[in-house]
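In: coords please:
(2 chains)
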Amino acid sequence: MNDRDENRRFESLLGRLLEGGLNDEDRLEFGRFLEHDPSRRFQYLDYCQMHGLLRAEHGLLSSWQEFDEELPPLNAPRQKPAWRGLRSLVGVGVAAAVVAVLAAVVARSSRIPPATSTPPFRGDVVARLQKQVDARFLYVPAGEAAPPAGTAMPQGAYELCRGIIELQSESGVVLTLEAPASFTLLDRQGVRIDRGRVAAHVPRQATGFRVEIPNGTVIDLGTDFAVDAVQGEKSEVHVFNGKVQINLSGSKARGASPLHLTTGEAASIDYATGMPSGIDLDEQRFLRNLASTPRTYTQRVLELQPAVYYPMEPASDGATLRDVAFHRADAKIFFGEPRKSVWAAGKVGLALELGGPAQRTYAVAPEYPQAEGDELSVAAWVMAESRPRWGSIAKNWAGSDQWGQFHFGLHYDSGELEAHIQDSSGQEIMVKDSAPIPLRVWHHVAFVADGKTLHLYRNGEEVDGKPSRQLRRDPRIKALAIGTKLNLKADAPDSHDYNMWDGRLDELAIFNHALTPRQVRELFELGSVGVR
Amino acid sequence: MTNPPIDQEALVGLMTQFQGRLYAYILSLIADADAANDVLQETNIVLWKESRHFVLGTNFKAWAFRVAHFQCMAYRQRKLRDKVMFSDDVVAALAIESKDLDERYEERAQALAFCLERIHFRSREALRLRYAEELAVAEVAARMSRSSNAVSQLLFRARQWLIACVKRTDTLQVAP
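Out: Below you'll find the model as predicted:
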């Protein structure tokens, strides 16, 4: 059959489907059409949805409303609905219908076999949940919504609706998945990802591990790679190290040669045709691991003896920023509405991702060890998506006239990197970069008050400096706000301008002593060589 | 610990609101219009009986579709021996894609009235007889003095035209 004949045949089967006109052979043939061609599945789903819409429009599905006034016998003749406007009736008289619904349910229960919820298929255990951050599943092995780390994961389909998980397959492959994701554990050497992002680290002994995506199968040939699967659109494959082979299986890709990608390469696979297109590697999009192994950057920061240090590695509750320095001044994350994941790929490991004034998510350490002398340094990696008014990196400051110890973020609406401190005379001293901070790239930012000068650094270079003497602190202002500025009571963001950060924050460290220019430069260079 | 009793009025409202969406989802998985009706009723019963597990303000769609999915799987188990069904792979793909498509349901429902007013009168009459009068194709054919095959094709083309229309109307954001 050529394409035109195939289309005719498919439409003929689809047309007869709703009228009960398909025999078993037809149904089998129809199933084959759907199996091999996603575009036909979309056609079929549109058709089913339209049938549902027409039935709802004509009142054929709103049995609840039949019993608005009084409960008729269940075998009473059904009143035919009028041609239009039946949708508007839905919901009218609902209160009166409640009793009737109960009666109807009970009555129907007597003639329909008792319905039981059938759990999804679960086979042999093929993986284990190594780590999880605020994870919620719709389908889980034993039915619970939030399985703890260590849970055995059998073969079967799963829907991760919130959080991040790290799975280790029986063959040793580490998979990091971000919600929302729909995936199926196939066996110890394979997973299917229908929707969502997954990064895979495949050790040598597991070479050949496969990730099935819509219209393709990614076969590892010794690598670190990631997949962003999107049903109905383009799915992407990004290779960070090593190489992969992608077997293409879309309707137009039958018989096509496999695609090979090596380190630094990426491709998108079109859902409808299954054909690939080359794209740029995107290292920032994927969470590559939740590992807490020591890293060079982290070790160096700790050697510099920070007062507080937030590497932005999430606690298992997903709502705490751990301070890994001596004082353990953990910060609590306050989520805006709607609640969204705040974890994203960082400059080193993971980063805290905030959504600016529209999202209003931020973090607070209620008390932290403030500098008591005249020296103070604050350093972080930041990436801005936009420059909200007074976008905050971190602040111990309150309102416009209550000054704390420091104010570090972006300047008003112009968006230059800036830092403020208050000296012992009560004077506010500000240093500011000369141009707005460039968006969507990582910057190492720092300011240092050394008792003589307030220095501001971006990417290891000093961009401004002003004389400053003694450092003052306000004993009323105890909290450290991350990604916002708090009010004086420290119970909410300052309502004037909000000061929210839009973008990612990583490796925030506060030192109650002055870093040297060389140390600031060193931190910038350590992060710049791609240390993860 | 069980959840506090749900507001029954609110639950009925949600269930009523989702009947068309659930029906379309179930139909897409089992490909049998009559059986889809039965499975929808079974789903309604489970939703009602298990309403203590649902907390108002949480994701009703996720819960209701999950229950519907289980009922479809149970139906497939019952029918495996006497009817040729879609393969598990096809059902898995359809389950995901159908849920994605459902995101457009309300927009399309809004657009449908607009489109029904503009469809060719012959198609509109066939749809009216088939859906409002609930007549079988053969009965519609008798009323319209046409063959059953011609009515089947007319209904198929009418649905296809409406699908294209609601998609266009989605794009144009035309008020219903």
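
In: Grab the most central residue of the chain for me.
Out: Using chain A. Nearest residue to the geometric centre of chain A (CA atoms, centre = their mean): A:Ser341, 4.8 Å.

In: You answered for a different chain; I wanted chain B.
Out: Residue closest to the average C-alpha location in chain B (CA atoms, centre = their mean): B:Ala24, at 2.3 Å.

In: Regarding that one, what is its secondary structure?
Out: Three-state call for B:Ala24 (DSSP: H, G, I helix; E, B strand; the rest coil): helix.

In: Ok, B:Trp48 next?
Out: Going by three-state DSSP, the state assigned to B:Trp48 is helix.

In: What pLDDT does the model give it?
Out: Looking at B:Trp48, its pLDDT is 84.

In: again with B:Asn3
Out: pLDDT at B:Asn3 comes out at 51.

In: what about the helices in chain B?
Out: B:8-30, B:33-49, B:60-79, B:88-102, B:105-118, B:121-127, B:137-144, B:148-172 (DSSP state H).

In: Give me the contact status of the third one with chain A.
Out: It stands for helix B:60-79. Yes: residues of helix B:60-79 are located near chain A by CB under 8 Å from any CB of the partner chain, namely B:62, B:66-67, B:70-71, B:73-74, B:77. Where C-beta positions appear, they are placed from N, C-alpha and C, glycine not excepted.

In: rewinding a little: next up, phi/psi of the residue nearest to the centre of chain A, please.
Out: Here is the backbone geometry of A:Ser341 (degrees, to the nearest 10): phi -60, psi 140.

In: Tell me who's in contact with the residue nearest to the centre of chain B.
Out: A:48-49, A:51-53, B:98, B:102, B:105 (CB atoms under 8 Å, 6 or more residues apart in numbering or on different chains).

In: Is the residue lying closest to it once chain neighbours are set aside in a helix, a strand, or coil?
Out: Ranked by CB to CB, 6 or more residues apart in numbering or on different chains and with sequence neighbours excluded, the top spatial neighbour of B:Ala24 is A:Gly52, at 3.1 Å. Using three-state DSSP, the structure places A:Gly52 in helix.

In: for chain A, what helix or strand is lowest in average pLDDT?
Out: Within chain A, confidence by mean pLDDT, DSSP states H and E is lowest for helix A:86-89 among all helices and strands, at a mean of 35.

In: The single nearest residue of the stretch 301-450 of chain A relative to chain B sits in which helix or strand?
Out: The minimum distance from the stretch 301-450 of chain A to chain B, using CB to the nearest CB, falls at A:Pro338 (11.2 Å). Using DSSP states H and E, A:Pro338 is not contained in any helix or strand.

In: ok, it - how many residues close by?
Out: The number of residues packed near A:Pro338 is 6, by other CB atoms under 10 Å in any protein chain shown.

In: Also B:Leu116?
Out: B:Leu116: 20 neighbours (other CB under 10 Å).

In: Roughly how far does it sit from chain A?
Out: Computed as CB to the nearest CB, to the nearest Å, the B:Leu116 to chain A distance reads 7 Å.

In: Now do the domain split for chain B, please.
Out: Following the assignment in automatic domain parsing, chain B carries domains at B:8-102, B:105-172.

In: and which of the contacts of B:Ala24 is nearest to A:Ala481?
Out: When the contacts of B:Ala24 are ranked by distance to A:Ala481 (CB to CB), B:Asp102 comes first, at 40.5 Å.

In: residue contacts, the residue nearest to that closest one when sequence neighbours are not counted?
Out: The shortest distance from B:Asp102 to any non-neighbouring residue, by CB to CB, 6+ apart, is to B:Arg21 (5.5 Å). Contacts for B:Arg21 (CB under 8 Å, 6+ apart) come out as A:52, B:61, B:102, B:105.

In: Give me the pLDDT value at B:Arg21.
Out: We have a pLDDT of 93 for B:Arg21.

In: And it, how far from A:Val382?
Out: 43 Å (CB to CB, to the nearest Å).

In: correct me, but A:Tyr362 touches A:Ala481?
Out: Yes: between A:Tyr362 and A:Ala481 there is a contact under CB atoms under 8 Å: 6.5 Å.

In: got any residues that touch both of these two?
Out: In contact with both A:Tyr362 and A:Ala481: A:392, A:493, using CB under 8 Å, 6+ apart.

In: circling back to that earlier point, most packed of the helices of chain B?
Out: Sort the helices of chain B by mean neighbour count, taking mean count of other CB atoms under 10 Å in any protein chain shown, and helix B:8-30 sits at the top with a mean of 23.

In: which non-adjacent residue is nearest A:Arg360?
Out: A:Gly336 (3.6 Å).

In: Hmm, the one you found is touching A:Gln359, no?
Out: Yes: with contact defined as CB under 8 Å, A:Gly336 reaches A:Gln359; the gap is 4.4 Å.

In: and the residue of the stretch 251-400 of chain A found nearest chain B, how many neighbours does it have?
Out: Of all residues in the stretch 251-400 of chain A, A:Tyr271 sits closest to chain B, at 9.9 Å by CB to the nearest CB. For A:Tyr271, the neighbour count with other CB under 10 Å is 23.

In: was I right about it contacting A:Pro214?
Out: Yes: A:Tyr271 sits in contact with A:Pro214 when judged by CB under 8 Å, with a separation of 5.4 Å.

In: Contacts only, for A:Ala229.
Out: The contact partners of A:Ala229, by CB under 8 Å, 6+ apart, come to A:193-198, A:213-214, A:235.

In: 7 Å instead?
Out: Contact partners of A:Ala229, counting by CB atoms under 7 Å, 6 or more residues apart in numbering or on different chains, are A:193-196, A:213-214, A:235.

In: ok, now B:Ala126?
Out: With CB under 7 Å, 6+ apart, B:Ala126 has these contacts: B:140, B:144, B:151, B:154-155, B:158.

In: Kindly provide the distance from it to B:Ile30.
Out: B:Ala126 sits 25 Å away from B:Ile30, going by CB to CB.

In: now swap in A:Leu28 and tell me
Out: 15 Å.
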